[in-house]
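In: Here is my input, please return the structure:
(one chain, ligands or ions: 5)
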Amino acid sequence: MMSRATDRLKVVLSHLERPTARIAAISTSAQIASHYDHHALRYTLDSDVLSPEQKLSYEENGFILIKNLVSEEDIDKFRVEFERICRREVLAPGLLVMRDVAIVKSEFVQDQKAVSKVQDFQEDPELFRYCCLPQILRYVEAFTGPNIMAMHTMLINKPPDAGKKTSRHPMHQDLHYFPFRPADRIVCAWTAMERVNRTNGCLVVLPGTHRGTLREHDYPEWEGGVNKMYHGIRDYDPQLPRVHLEMEKGDTVFFHPLLVHGSGMNQTQGFRKAISCHYASSDCYYIDVKGTTQENLEKEVQGIAARKYGLDDSFTFKDSWAMRGRLVQGERTSL
Ligand SMILES: CCCC(=O)SCCNC(=O)CCNC(=O)[C@H](O)C(C)(C)COP(=O)(O)OP(=O)(O)OC[C@H]1O[C@@H](n2cnc3c(N)ncnc32)[C@H](O)[C@@H]1OP(=O)(O)O
Ligand SMILES: Nc1ncnc2c1ncn2[C@@H]1O[C@H](COP(=O)(O)OP(=O)(O)OP(=O)(O)O)[C@@H](O)[C@H]1O
Ligand SMILES: O=C(O)CCC(=O)C(=O)O
Ligand SMILES: [Fe+2]
Ligand SMILES: [Mg+2]
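Out: Ligands and ions are numbered 1, 2, ... in the order given. Predicted coordinates:
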C-alpha cells in the first residue's frame, strides 16, 4: 500500500531527477527573469520566503546567509541556559556535554571553560526553543517542505586554542553523519551567538560543493590530535577556494548537508559560540550505510554506545537518529 509519505517522497524525488545543468548557465540577475521557473530548481522548493536571487544563490553555492534573524534577547537566553548546563544545574535527558580533546584529561578545568560543545538538546525546553523559532522555520520550509523534524542540535563553544590547533573543525560534509535521505531535503541552520570572524574561528565553506557527492571521511592526520568524531574529508585539497563566513550576533546561515565546511582555530581568549540545528523533511527515509563510505562512522557510533551505555549491535546507527529526532512542524510521517 502506498502511504501519503511515499507519494510525497515521489514528488520530492522527481525534483531530484531534474537536470541542474541549466542552473550553471544562470549567472547574472538580469538572466534570472527569463530562466527562473521552479522546474530549474533542485535544491529549493516553491515558496515565497526566498527571493529569486536567494534561491539561485543557494542552488549555486549551497548556502545562504540571513542577517539578524535571531534576536539578541533570545541569544542571551540561550547563553544563560548553556551556562546553567555547564554548572550542572540542569541536565536534560540525552544531552551530551563534550570537552575539547586538549583538556579532556585535565582535572582542573571547570565549568564553561571545560565544555566545547553540548549536543542533543532536544529535551532542554529553553535551548530547543531555538529549533522552533518561526523566523527560522519559515526558511527551513523552503528546503524541507512543510513536515519538519529537528534531527540534530548543537551549541558549540569553540574554546581558545590550547596551542595544538585542536579547536579547528576539519573540513567535512554533514551528510557523513546522517543515515537518511534525500540529502536535498536536509538543511542546517547555524546562528552566530556573537561576532564570528577568522580570528575566533568562523565557519569556512567551499561554495558549490553541495553539487558533488558524499566523499570519504576519516580523522585528519593532525599532530596535536583531533576531537572524537571530528572526521574530515579524505584528501582535502587546501588549494580550493574557501569563503570565510564572518557573521554578527544573530546572523544565520542555512546550508546543504553536502556543502564542504569546517572552522578554523580560535586564536582569541574568548569562547566562540554558535547554536545550530539540522532539520530534515519528516518524509525522508533511513538508509542502510553498510558498504558505503559512512560505515566507519556507524561503527564508531556503535562503539561509543557500547562503552557509554552498554548497548550491543542491535542498537543501530539509525536508532541513534530516530531517538533524537523531534517534530517541529507538520506531521511525523516517516523519520
Ligand atoms: C553534523 C554532525 C557533525 C558532528 O556532529 S561532528 C562531531 C560529532 N561529535 C559527536 O557526536 C560527539 C562525540 N562525543 C562523544 O560522544 C563524547 O563526548 C565522548 C567523546 C564519547 C566522551 O564522552 P564522555 O561521556 O565525556 O566520556 P569520558 O569523559 O569518560 O570520555 C570517554 C573517553 O573519550 C575520551 N574523550 C573525551 N572527549 C574527547 C574528545 N573531545 N576527543 C577525543 N577523545 C575524547 C576520553 O579521554 C576518554 O578516553 P579514555 O577512555 O580515558 O581513553
Ligand atoms: N587536512 C585537513 N583536512 C580537513 N580539513 C582541514 C585540513 N587542514 C585544515 N583543515 C580545515 O580547513 C579550515 C581552515 O584551516 P585553518 O584553521 O588552518 O585556516 P583558517 O583559520 O581558515 O585561515 P587562517 O588561519 O589562514 O586565518 C579549517 O576548517 C580546518 O579545520
Ligand atoms: O561551529 C563550528 O565550528 C562548525 C561545527 C560543524 O560544522 C559541525 O559540528 O558539524
Ligand atoms: Fe558540520
Ligand atoms: Mg586558522
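In: hey, let's count contacts and neighbours off CA atoms from now on
Out: Will do.
In: Which residue ranges of the stretch 1-150 of the chain form strands?
Out: Assigned by DSSP state E, counting those that start in this stretch, the strands in the stretch 1-150 of the chain fall at 63-66, 96-99, 115-119, 148-158.
In: Show me which residues of the stretch 51-200 of the chain are close to ligand 5?
Out: Contact residues, the stretch 51-200 of the chain versus ligand 5 (C-alpha under 5 Å from the ion): none.
In: and this protein, which residues reach ligand 3?
Out: Ile156, His169, Asp174, Leu203, Gly262, Ser263 (C-alpha under 6 Å from any ligand atom).
In: can you put the residues you listed in a markdown table and add neighbour count and secondary structure?
Out: Output for these, formatted as a markdown table (neighbours: other C-alpha atoms under 10 Å; DSSP: H, G, I helix; E, B strand; the rest coil):
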| residue | neighbour count | secondary structure |
| --- | --- | --- |
| Ile156 | 22 | strand |
| His169 | 21 | strand |
| Asp174 | 22 | helix |
| Leu203 | 22 | strand |
| Gly262 | 21 | strand |
| Ser263 | 21 | strand |
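In: Return the member of those nearest to Val328.
Out: Using C-alpha to C-alpha, Asp174 comes nearest to Val328 of the residues of the chain next to ligand 3, at 20.5 Å.
In: Count the residues that sit near the closest residue to Tyr219 other than its chain neighbours.
Out: Excluding its sequence neighbours, the residue lying closest to Tyr219 (C-alpha to C-alpha, 6 or more residues apart in numbering) is His231, at 4.6 Å. Residues within reach of His231, counting by other C-alpha atoms under 10 Å, total 22.
In: With Glu223 instead?
Out: Neighbours of Glu223 under the rule other C-alpha under 10 Å: 9.
In: Find the nearest non-adjacent residue to it, please.
Out: Nearest non-adjacent residue to Glu223, counting by C-alpha to C-alpha, 6+ apart: Lys164, 7.8 Å away.
In: Arg138 too?
Out: Going by C-alpha to C-alpha, 6+ apart, Arg138 has Val49 as its nearest residue, at 6.8 Å.
In: ok, what's across the strand from the most centrally placed residue in the chain?
Out: Geometric centre of the chain, nearest residue: Cys188, 4.1 Å, by C-alpha atoms, centre = their mean. On the basis of DSSP bridges, Cys188 is bridged to Phe255, His278.
In: can I assume it is in contact with Pro257?
Out: Yes. Using C-alpha atoms under 8 Å, Cys188 makes contact with Pro257 at a distance of 7.0 Å.
In: any idea how far Asp237 lies from Leu214?
Out: Note on Asp237: its distance to Leu214, by C-alpha to C-alpha, to the nearest Å, is 15 Å.
In: Compare neighbour counts for these two and give me the winner.
Out: More crowded of Asp237 and Leu214, by other C-alpha under 10 Å: Leu214, with 22 against 9.
In: Just the element for the more buried one, please.
Out: For Leu214, there is no enclosing helix or strand under DSSP states H and E.
In: just to revisit the earlier point, okay, now the residue nearest to Glu223: neighbour count?
Out: Neighbour tally, Lys164, other C-alpha under 10 Å: 15.
In: And the pLDDT for it?
Out: Note for Lys164: predicted pLDDT of 91.
In: Which strand residues bridge the closest residue to Leu245 other than its chain neighbours?
Out: Using C-alpha to C-alpha, 6+ apart and skipping the chain neighbours, the partner closest in space to Leu245 is Leu203 (5.5 Å). The bridge-partner assignment for Leu203, based on DSSP bridges, gives Leu245, Ser263.
In: got a list of what Leu203 touches?
Out: His244, Leu245, Glu246, His261, Gly262, Ser263, Gly264 (C-alpha atoms under 8 Å, 6 or more residues apart in numbering).
In: ok, now with 10 Å
Out: Going by C-alpha atoms under 10 Å, 6 or more residues apart in numbering, Leu203 touches 169, 171, 190, 192, 196-197, 243-247, 253, 261-264.
In: rewinding a little: restrict the residues of the chain next to ligand 3 to contacts with ligand 2.
Out: Contacts with ligand 2 are made by His169, Gly262, Ser263 out of these, judged by C-alpha under 6 Å from any ligand atom.
In: Just give the number of residues close to Ile103.
Out: Close neighbours of Ile103, defined as other C-alpha under 10 Å, add up to 16.
In: In this structure it contacts Ala114, no?
Out: Yes. At 7.3 Å, Ile103 counts as touching Ala114 under the criterion of C-alpha atoms under 10 Å.
In: residues shared between the contacts of the two?
Out: Counting by C-alpha under 10 Å, 6+ apart, Ile103 and Ala114 have no shared contacts at all.
In: wait, what's in contact with whichever residue of the chain sits closest to ligand 3?
Out: At 4.7 Å from ligand 3, Ser263 is the closest residue in the chain, using C-alpha to the nearest ligand atom. Residues near Ser263 by C-alpha under 10 Å, 6+ apart: 158, 167-172, 198, 200-205, 244-245.
In: How much space separates Thr199 from Glu81?
Out: 26 Å.
In: Which one's more surrounded, those two?
Out: Neighbours per residue (other C-alpha under 10 Å) separate Thr199 from Glu81, with Glu81 holding more: 18 against 13.
In: where exactly do the helices run in the chain?
Out: Using DSSP state H, the helices of the chain run over residues 4-16, 21-25, 29-35, 52-61, 72-86, 111-114, 125-132, 134-144, 295-309, 317-324.
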